[in-house]
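Novice: Would you be able to build a 3D model of this:
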Amino acid sequence: MEGNFLEFIKEHLLQFYSNTGFANFTIGHGIMILIGLVFIYLAITKEWEPMLLIPIGFGIIVGNIPMTNGYMIGIYEEGSVLNYLYFGVRYGVYPPLIFLGIGAMTDFSALISNPKLILIGAAAQFGIFGAYSIALAMGFTGAEAGAIGIIGGADGPTAIFISSKLAPHLMGAIAISAYSYMALVPVIQPPIMKLLTTKKERVIRMKPPRTVTKLEKVLFPLIGILLTTFVVPSGLPLLGMLFFGNLLKESGVTRRLAETARGPLIDIVTILLGLTVGASTQADVFVNASSLKIFALGALSFVIATTTGILFVKFMNLFLKEGNKINPLIGNSGVSAVPDSARVSHHIGMQYDKSNYLLMHAMAPNVAGVIGSAVAAGILLSFLY
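Specialist: Below you'll find the model as predicted:
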């Protein structure tokens, strides 16, 4: 009787152990948990996009706790809580809500004041199509290449939206790559900016932006949605919500709605988006050669976008008279990492002339980059989906 009891205890202890994380741990889990800890470290100590990196980093840890399938816990198990929360990522619900909040907190005055700066935001999107071409050459399918290329826009929500449509099996790697490079804007862009500009160009002073009327601010989102979505209707979920949020802000009569969109709503969605995207990076589906290629292509697309933005400003200056020239240091802000890339433009400019304030000028191509990345996403969807 005692032997049977000990056997019973032993059997159940072994069964218990087989379901613990220690029994199911792999090197891949360890690598991903370490990456999650690095994200959290960078967010806290360096303050690199903490609103994004902390939820994503913690989500990576959550998604890589070794577990036995069948208990409806994992993010890929139908019926689990994480799986339900992941619905918003998998079906592209969260990104448009993020764009609604971005629209409600964005001031397009600098762009309205100097419309030609929208061309810089458009030029920076070359990073998307450059990376798309390179990804095709590396053997990715057209849909996969399109989803990977969008990383060059430095726009996490757009990257998630596109990958959910074109390459859901690569979404984790694409999302982590996009948000990583967004956080690394202050590290990646300055060396490129200094390399491609001269000391004389870095101290170019631009005319102060003119005052923009309320009528212009109200008309901008209305004209914007008509122009962009008639060209690329497939970009409507992102562009529509962006301009809708901006109209809530600029109308002056929907202050509560605008405050909700740019405050509690975007905060809640950011938490859910970051946590579930991080949790989707389970070692068994994330740690592979494709993920490494995506990270490399993401870095390359970001470099291309920054480079083309700066070079395009230098090209524009060939046709502009003295006094109207554009400081090429704002060319980097054509990517849609708002407002980080604009801050980098301003910070680098201040290193060479402490009285030359570039922030407001840089915000114009920066917000143009948000529109440009959404338009580029619509273009890719129109012929790849």
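Novice: When you work out contacts or count neighbours from here on, use the C-alpha atoms and nothing else.
Specialist: Fine.
Novice: How far away from the center of its chain is the helix or strand of the chain with the lowest mean pLDDT?
Specialist: Within the chain, confidence by mean pLDDT, DSSP states H and E is lowest for helix 2-18 among all helices and strands, at a mean of 75. Taking C-alpha atoms, centre = their mean, to the nearest Å, one finds helix 2-18 lying 50 Å from the centre of the chain it belongs to.
Novice: And that helix, what does it pack against?
Specialist: If you count contacts as 3 or more C-alpha pairs under 8 Å, 6 or more residues apart in numbering; DSSP states H and E, helix 2-18 packs onto no helix or strand.
Novice: Which strands or helices does whichever helix or strand comes after that helix pack on?
Specialist: For helix 2-18, the following helix or strand on the C-terminal side (DSSP states H and E) is helix 21-24. On a contact count with 3+ C-alpha pairs under 8 Å, 6+ apart, helix 21-24 meets no helix or strand.
Novice: Let me see the contact set for the residue nearest the centre of the chain.
Specialist: Residue closest to the average C-alpha location in the chain (C-alpha atoms, centre = their mean): Gly156, at 2.0 Å. Listed by C-alpha atoms under 8 Å, 6 or more residues apart in numbering, the contact partners of Gly156 are 175, 178-179, 182.
Novice: What strand or helix carries the residue nearest to Gly331 when sequence neighbours are not counted?
Specialist: Nearest non-adjacent residue to Gly331, counting by C-alpha to C-alpha, 6 or more residues apart in numbering: Ile310, 4.0 Å away. For Ile310, the enclosing helix or strand under DSSP H and E is helix 289-317.
Novice: Please spell out which residues along the next helix or strand after that helix are buried.
Specialist: Counting by DSSP H and E, the next helix or strand C-terminal to helix 289-317 is helix 340-352. Residues of helix 340-352 classed as buried: 340-350 (neighbour count, 16 or more other C-alpha atoms under 10 Å).
Novice: From the chain's centroid, how far away is helix 340-352?
Specialist: Its chain's C-alpha centre lies 20 Å from the corresponding centre of helix 340-352 when counted by C-alpha atoms, centre = their mean.
Novice: helices and strands around it, which ones?
Specialist: Where contact means 3+ C-alpha pairs under 8 Å, 6+ apart, helix 340-352 is packed against helix 185-196, helix 199-202, helix 359-384.
Novice: if you set the cut-off to 10 Å instead, what comes out?
Specialist: helix 171-183, helix 185-196, helix 199-202, helix 359-384 (3 or more C-alpha pairs under 10 Å, 6 or more residues apart in numbering; DSSP states H and E).
Novice: Would you mind checking the average pLDDT for it?
Specialist: Across helix 340-352, the average pLDDT comes to 93.
Novice: what does stretch 127-142 give?
Specialist: Here the average pLDDT along stretch 127-142 is 90.
Novice: tell me which residues in it are buried?
Specialist: 127-136, 140-142.
Novice: OK, contacts around Lys314?
Specialist: 196-197, 201, 308, 325-329, 331 (C-alpha atoms under 10 Å, 6 or more residues apart in numbering).
Novice: Which single one of these is nearest to Lys165?
Specialist: Thr308 (27.3 Å; C-alpha to C-alpha).
Novice: And the closest one, how close does it get to Thr276?
Specialist: Noted for Thr308: a distance of 33 Å to Thr276, by C-alpha to C-alpha, to the nearest Å.
Novice: Also Phe140?
Specialist: Phe140 is 25 Å from Thr276, by C-alpha to C-alpha.
Novice: repeat for Ala143
Specialist: 23 Å.
Novice: Look at those two and report which has more neighbours.
Specialist: Remark: of Ala143 and Thr276, Thr276 carries more neighbours, 29 against 21, as counted by other C-alpha atoms under 10 Å.
Novice: For the nearest residue to Thr106 once chain neighbours are set aside, the count of nearby residues, please.
Specialist: For Thr106, ignoring the flanking residues on the chain, the nearest one in space by C-alpha to C-alpha, 6+ apart is Asn246 at 6.7 Å. For Asn246, the count of nearby residues is 29 (other C-alpha under 10 Å).
Novice: what's the closest residue to Phe126 other than its chain neighbours in contact with, if anything?
Specialist: Take Phe126 and drop its neighbours on the chain: the residue closest to it by C-alpha to C-alpha, 6+ apart is Ala305, 5.9 Å away. Counting by C-alpha under 10 Å, 6+ apart, Ala305 makes contact with 121-131, 151-154, 299, 331-335.
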